[in-house]
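In: Predicted model, plus sequence, below.
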Amino acid sequence: MRRERLRWSVVFLTIAAALLLVASASSDVGSGSGPPTSIGTGGAAASVERIATQAAIDTLKHGGNAVDAAVAAAGVLGVTEPFSCGIGGGGFMVVRTAGGLVTTIDGRETAPTAMTPTSFWVGSPLAPMPFNDARFSGLSVGVPGTVATWAEALERYGTMTLARVLQPGIHVASHGFVVDQTFFGQTEQNVDYFNDVPATAALFLDPDGTPRDVGSVFTNPELATTYQRIAHLGPKGFYRGAVAHALVDTVQHPVISPTANHTWRPGVMGMRDLHTYVAPERAPTHVNYRGLDVYSMGPPSSGGSTVGEALNILEGYPLSSMTRVDALHYYLEASRYSFADRNAYLADPDYFAVPLTGLLSKDYAATRRALITTTAAPGAVPPGNPYPYNTGVAAATALQSETTTHLTTSDKWGNVVSYTFTIESTGGSGLVVPGFGFLLNNELTDFNYDLTTHPNRVEGGKRPRSSMSPTIVLDHGKPFLALGSPGGSTIITTVLQILVDRLDQGMTLPQAVLDPRASQRNGVNTTAEPAFLASPERAALEARGHHFVDGGEIGAATGIEFLAGSGVLAAAEPVRRGGGSAMVEVPAP
């Protein structure tokens, strides 16, 4: 009895302290963006959503570090950005500690153990499903890794409890936020599938079957209750018990409306898949670029290796003294050749021996650079052979002791977090877990599920390849930049282009974030934003053999730059995805 009283005393004190975070936040139900850039001192935070960024800053002001702030912001984003991220998905976190360690936490989803290379194949003879048939099903749902990531990060590198940092998310889920045009549009593009699933329709659609109106207040009391359960029980409140049973039942037996106009296939996830999930700590990828140390996420993400290989290729060109057209040409071609290797060699390192040290070798990069000319390759190029350069130990093995969203945090002690997390496509699998208020991911469509021999083929327990590229750059061991972006495979090119713009082209970080984007991923065409297509550089690049197509909006980056002295600059998108929000702990006067 004494032990029970002590336990409840600890719970009470934890919740009481956490309420200080909520009390310091705005009491209204506002949402929205801004400011896109902030300069000052102390800690900093940048995300796609103002109230998430504010939650991170409030956490810092109440003594939390960058890890605590990142999880607090992520909890809010799980409420306000439910079509991009949340506890039904997973992601990757790169952490630089005040002591100088750079490490990563792999919260990527895993395939249920019963999955096989032909799990997404149907018919006679067997053939792979069309993408939407695979996506909108229980089959596409991987074992979520977000809650395990939060718990692991806080346990190893945070200072606050999960119960405390979830309070801002609980507050927003309970009291609501204002629906904006982005939220409305993301709902609208999924209505035809959401209205097949009663739990999904009840949460995201009005009674007449249309999206929640712009300007209305959206609440999610079921998610608030789920967060409270996780706050009280820790990860076992998600991976065991009522939430876990409901999650598995949703995957195995999706409840679909009798009037549904699509077929929703059941998945094969079991309770043991949830019970055995872990978010391992892994070493980061690392390249040195013009004297700066660039760290990112290794396999099963392809982000760190592909950005790193491209930087190694680009290091052989004097980009800072080149014209803008020349620099863009080599940026696009370096990306092309790196993507050829990414597509051939990247997969879960527990299932395939990724030649990571070879891919990140300066000597290997020189062989790829030698293939690049002053004109664009006419289309896809073949992968190279990194194996002769694959000496030493790969840098992404687990250490002993994946529409996305991205957030970046730092604190006054020198801790830095770059965190990208996701439920994959906008709206994930379309399946809300009834009674618990969150969408499930469709991450398993990130496998090359139409192939049975590819390194990234479907296998039970395996993590699908990702493109998430949370990145931290150090200058002589001190933090210099932290950045990342959502955007599927364009994440890689977004991060690469921002780095080139900032490090080689003389742009400030806000200018690099704003810069119109073009994404070459080893194809005939380069997707580009409308502003890039309207730029004078387009015609000059087309004269060199580049072919551009409209890719719409590409990415939604956030970043932090560490200035001379103790200054810090936080940057978010001013326009993309409705605009982001960047704040510092102590704004400059």
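Out: Okay, I see it.
In: got any ranges where the protein has weak pLDDT?
Out: Scanning the chain for pLDDT under 70 picks out 1-32, 392-403.
In: Geometrically speaking, which residue is the centre of it?
Out: Thr420 (2.6 Å; C-alpha atoms, centre = their mean).
In: what sits against it?
Out: Neighbouring residues of Thr420 by C-beta atoms under 8 Å, 6 or more residues apart in numbering: 91-92, 402, 404-406, 468-470, 484-486, 491. (C-beta placed from N, C-alpha, C; glycine too.)
In: Just among those residues, which is most surrounded?
Out: His406 (35 neighbours; other C-beta atoms under 10 Å).
In: and which of the contacts of Thr420 is nearest Ala366?
Out: Taking C-beta to C-beta as the measure, Ala366 lies nearest Ser469 of these, at 23.0 Å.
In: Could you tell me which residues make contact with that closest one?
Out: 296-297, 301, 303-304, 306-307, 420, 484-485, 491-492, 495.
In: Can you tell me, leaving aside adjacent residues, what's nearest to it?
Out: Gly303 (3.0 Å; C-beta to C-beta, 6 or more residues apart in numbering).
In: The one you found: neighbouring residues, count only.
Out: Neighbours around Gly303, by other C-beta under 10 Å: 32.
In: And for the one 10 residues further on?
Out: Number of residues near Ile313 (other C-beta under 10 Å) recorded here: 27.
In: so it sits right up against Asp363, yeah?
Out: No. Applying C-beta atoms under 8 Å, one finds Ile313 not in contact with Asp363, separated by 11.8 Å.
In: quick one: the strands in the stretch 301-450 of the chain?
Out: Using DSSP state E, counting those that start in this stretch, the strands of the stretch 301-450 of the chain run over residues 404-410, 416-422.
In: just checking, what packs against the first one?
Out: Using 3 or more C-beta pairs under 8 Å, 6 or more residues apart in numbering; DSSP states H and E as the contact definition, the elements that strand 404-410 packs against are strand 37-47, helix 50-61, helix 66-80, strand 416-422, strand 478-484, strand 558-562.
In: Any chance of JSON lines for the ones you listed, columns distance to Leu356?
Out: Formatted as JSON lines, the helices and strands packed on strand 404-410 follow (distance: least, C-beta to C-beta, whole Å):
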{"stretch": "strand 37-47", "distance to Leu356": "29"}
{"stretch": "helix 50-61", "distance to Leu356": "32"}
{"stretch": "helix 66-80", "distance to Leu356": "26"}
{"stretch": "strand 416-422", "distance to Leu356": "19"}
{"stretch": "strand 478-484", "distance to Leu356": "20"}
{"stretch": "strand 558-562", "distance to Leu356": "25"}
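In: so which of these comes closest to Tyr331?
Out: Of all these, strand 478-484 comes closest under C-beta to C-beta, at 16.1 Å.
In: Report all helices and strands that that closest one contacts.
Out: Using 3+ C-beta pairs under 8 Å, 6+ apart, strand 478-484 sits against strand 404-410, strand 416-422, strand 471-475, helix 490-503, strand 558-562.
In: Give the pairing partners of it; include direction for each.
Out: Strand 478-484 pairs in its sheet with strand 471-475 (antiparallel), strand 558-562 (antiparallel), by DSSP bridges.
In: Name the stretch among the ones you listed that sits most buried.
Out: Among the strands paired with strand 478-484, strand 558-562 has the highest mean neighbour count (mean count of other C-beta atoms under 10 Å), at a mean of 26.
In: what angle do that one and helix 66-80 make?
Out: On the basis of axes from the mean of the first three to the mean of the last three C-alpha atoms, to 10 degrees, strand 558-562 is oriented at 160 degrees to helix 66-80.
In: Send me strand 558-562 as CSV with only the CA atoms.
Out: What follows is strand 558-562, C-alpha atoms only, in CSV (Å, rounded to 0.1, in the frame of the first residue of the first chain):
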residue,chain,number,x,y,z
THR,A,558,12.8,23.4,-41.1
GLY,A,559,16.3,24.2,-39.8
ILE,A,560,18.4,25.8,-37.2
GLU,A,561,21.7,27.6,-37.7
PHE,A,562,24.1,28.3,-34.8
